[in-house]
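Visitor: Pasting a predicted model and its sequence here:
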Amino acid sequence: DAKTTQPTSMDCAEGRAANLPCNHSTISGNEYVYWYRQIHSQGPQYIIHGLKNNETNEMASLIITEDRKSSTLILPHATLRDTAVYYCIVRADNYGQNFVFGPGTRLSVLP
Amino acid sequence: DTGVSQDPRHKITKRGQNVTFRCDPISEHNRLYWYRQTLGQGPEFLTYFQNEAQLEKSRLLSDRFSAERPKGSFSTLEIQRTEQGDSAMYLCASSGWDSFTGELFFGEGSRLTVL
């Protein structure tokens, strides 16, 4: 079973920041938080991951609370092409263990 | 550079027939994963290879399912005696030994429809 809970769906206006929350209250000390997204009819795409520090890359920012029980993925300037299902996943290490996907959050970016 | 490629992209078959899907991972990626995804759900793990060794199998992988990766490169997923409940998208992903991000690279998937 997925170790995370996410809202089922969210809307965001084009050009605004999209903030996608994720709860992972049972996360262990050696578990990373990963975010993937899946655009309709495509395979999932890696976005970002982190352990306890906030992370930023060209796609998004990841904010992890100090107690690591929740995190937020931020898309700073959402575009229509960011409409997708976003999955928050926790996993113990970088090698071997599979990713357990939950149902994710369906983000709709509106014009 | 080619990403993960899967073939066929779509397959329609009648109940009881056998089907086989092929996955070509990114070159030199030693890890290969198969997932299944039904409508409205996230991908569900089926099995995982490191090189040619099948290291993990989900209980979802019934005895009608078999996966191989004979030379540690491409992989096949075969479903025997298909049932309507097998209708789903079958996704393949790969990752490399030196991938510090643990990032999986997914293919576009093979959609199976069992009539």
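Guide: Received it, and whenever you're ready, just let me know what you need.
Visitor: where does chain B dip in pLDDT?
Guide: Low-confidence segments of chain B (pLDDT under 70): B:1, B:97-102.
Visitor: List the residues that contact the most centrally placed residue in chain B.
Guide: Taking CA atoms, centre = their mean as the criterion, residue B:34 is the residue nearest the geometric centre of chain B, at 3.2 Å. The contact partners of residue B:34, by CB atoms under 8 Å, 6 or more residues apart in numbering or on different chains, come to B:23, B:45, B:46, B:47, B:48, B:67, B:75, B:77, B:90, B:91, B:92. All C-beta spots, glycine's among them, are computed from the backbone N, C-alpha and C.
Visitor: The first one is in what secondary structure piece?
Guide: Which is residue B:23. strand B:19-24 (DSSP states H and E).
Visitor: After that strand, which helix or strand is next?
Guide: Going down the chain from strand B:19-24, the next helix or strand is strand B:31-37, by DSSP H and E.
Visitor: I'd like to check the angle between that next one and strand B:19-24, please.
Guide: If you take axes from the mean of the first three to the mean of the last three CA atoms, to 10 degrees, strand B:31-37 sits at 140 degrees to strand B:19-24.
Visitor: Pull up the pairing partners for strand B:31-37, direction included.
Guide: When sheet partners are counted by DSSP bridges, strand B:31-37 sits next to strand B:44-50 (antiparallel), strand B:88-95 (antiparallel).
Visitor: picking that back up, which residues are in contact with the residue nearest to the residue nearest to the centre of chain B when sequence neighbours are not counted?
Guide: The shortest distance from residue B:34 to any non-neighbouring residue, by CB to CB, 6 or more residues apart in numbering or on different chains, is to residue B:46 (4.3 Å). Taking CB under 8 Å, 6+ apart as the criterion, residue B:46 is in contact with B:33, B:34, B:35, B:36, B:57, B:58, B:60, B:61, B:65, B:67, B:77, B:90.
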